[in-house]
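Peer 1: quick check, what structure comes out for this input:
(chains A and B)
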Amino acid sequence: MAGVRDIRRRIRSVRNMQQITKAMKMVSAAKLRKAQQKLIAARPYANQLQGVLERLSQAGDTVHPLLVKRPVQKVVYVLITSDRGLCGGYNANLIRKTTGLIAETPQEVKLVTVGRKGRDFFRRGKIEFLAEFVALGDDPSFNQAKEVAKEVIRLYEQGEADEVYLLYTEFVSAITQRPSQVKLLPIEKPEGKHGKQYIFEPSPDEILASLLPKYVETQIFRSILEGKASEQGARMTAMSSATDNATDMIDRLSLAMNRARQAAITKEISEIVGGAAALE
Amino acid sequence: MASTFTLNVVSPEGNVLKEDVEFIVLPGGAGELGILPNHAPLIAGLDVGVARITSNGTVKRVAVAGGFVEVADNSATILADTAELSETIDLQRAIAAKERATKRLSSQTSEIDVKRAEYALRKALARISASENKK
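Peer 2: Model (predicted):
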């Protein structure tokens, strides 16, 4: 049985770790709130953009390279993971989904990774990377999403990809995050409900040409934000349960320590009693 | 009281402005674009520049960078890449950005760089003009 001093040392180290996990939990709770606010703030723009796209589609037969469906030979997955670990199953879940999808896809698959964890995992594999983006920080800006979108659109236009999918973690709530998949390119033209007759300035085609890249940017931005919120949520839950586990462990160790201490005292007493009895 | 319509300014980073206005002038893709209440439904592309918004007789200036405007049902929605009210603009930063862009333009490199620098320069100029005319 471990000595009292050993157990005491272990309790101290567990307590130190608990302080760290507790602090991380609190930090990610604060960051989660911020990420959630950004997610909500980005919504009106995305909705409006969707609306404009719908109204453009009903304006007639608009054509644009990003709308054209091609026979699919090359598929690109844009994988959005976090830069840092210690966030429970957040990255693992998405990576598992991704490997499953890659195995199911009969076409040639290539990857674009956003975030360090996804890149590090797939770097060991055989799948080719077309681009990687790391170190987005805790507060991703629209410009960062724009960079990603620019690269993705370039790949699509140059025929490096016939279909592009976004793989990200959808933020459902602080404790639930769902790995999700969304088709990014070619853009599905939404069904336009017939409504008002709009004036377009310049022509619908020209507006579409500047709107579609924005649409891609917004989609990527939204999934990065969803991912960030999910990451913080996952980290918060993971750190919360780590803190709880540390409490349990401290309880168990204290019990063991007290027992060891008691045993030592009992032993000492019985030795004294035994010694006294021997003298009589 | 003059008739009004609702103006919404949104950017990907959030809602910038929502209020009832009397008249707006926007930097349209093909020149300035004025919108009064009860405008016909319109979707137009926007350029980088300054939007002037008149409400209750006072003029507000907003630096917008690209995007669209949609007008329908007596309300206008501006979808801009970035949109900043004149009072929130950091003038020092805009001036610094302008100088950076000018420098980059004078030291000619590849085609894409020039385009980006030009865009940055126009954005900086829009910011500066939006915040300077305030005073």
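Peer 1: tell me how far the residue in chain B positioned nearest to chain A lies from A:Gln37.
Peer 2: The nearest approach of chain B to chain A comes at B:Gly14, 3.3 Å away (Cβ to the nearest Cβ). Just so you know, the C-beta spots here come from the backbone N, C-alpha and C atoms, and that holds for glycine as well. Separation of B:Gly14 from A:Gln37 (Cβ to Cβ, to the nearest Å): 8 Å.
Peer 1: and B:Asn74, by the same measure?
Peer 2: The value you get for B:Asn74 to A:Gln37, if Cβ to Cβ is used, is 30 Å.
Peer 1: export the top helix by length along chain B to PDB, keeping only CA atoms.
Peer 2: Determined from DSSP state H, the single longest helix within chain B is helix B:111-132. In PDB, the C-alpha atoms belonging to helix B:111-132 read as follows (Å, rounded to 0.1, in the frame of the first residue of the first chain):
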ATOM      1  CA  GLU B 111      -1.000  41.900 -61.400                       C
ATOM      2  CA  ILE B 112      -3.000  40.500 -58.400                       C
ATOM      3  CA  ASP B 113      -1.100  42.600 -55.900                       C
ATOM      4  CA  VAL B 114      -2.000  45.700 -57.800                       C
ATOM      5  CA  LYS B 115      -5.700  44.900 -57.800                       C
ATOM      6  CA  ARG B 116      -5.600  44.200 -54.100                       C
ATOM      7  CA  ALA B 117      -3.700  47.300 -53.300                       C
ATOM      8  CA  GLU B 118      -6.100  49.400 -55.400                       C
ATOM      9  CA  TYR B 119      -9.000  47.900 -53.600                       C
ATOM     10  CA  ALA B 120      -7.400  48.600 -50.200                       C
ATOM     11  CA  LEU B 121      -6.600  52.200 -51.300                       C
ATOM     12  CA  ARG B 122     -10.200  52.800 -52.400                       C
ATOM     13  CA  LYS B 123     -11.500  51.400 -49.100                       C
ATOM     14  CA  ALA B 124      -9.100  53.600 -47.200                       C
ATOM     15  CA  LEU B 125     -10.100  56.700 -49.200                       C
ATOM     16  CA  ALA B 126     -13.800  55.900 -48.600                       C
ATOM     17  CA  ARG B 127     -13.200  55.700 -44.900                       C
ATOM     18  CA  ILE B 128     -11.300  58.900 -44.800                       C
ATOM     19  CA  SER B 129     -13.900  60.800 -46.700                       C
ATOM     20  CA  ALA B 130     -16.700  59.400 -44.700                       C
ATOM     21  CA  SER B 131     -15.100  60.500 -41.400                       C
ATOM     22  CA  GLU B 132     -13.700  63.800 -42.600                       C
END
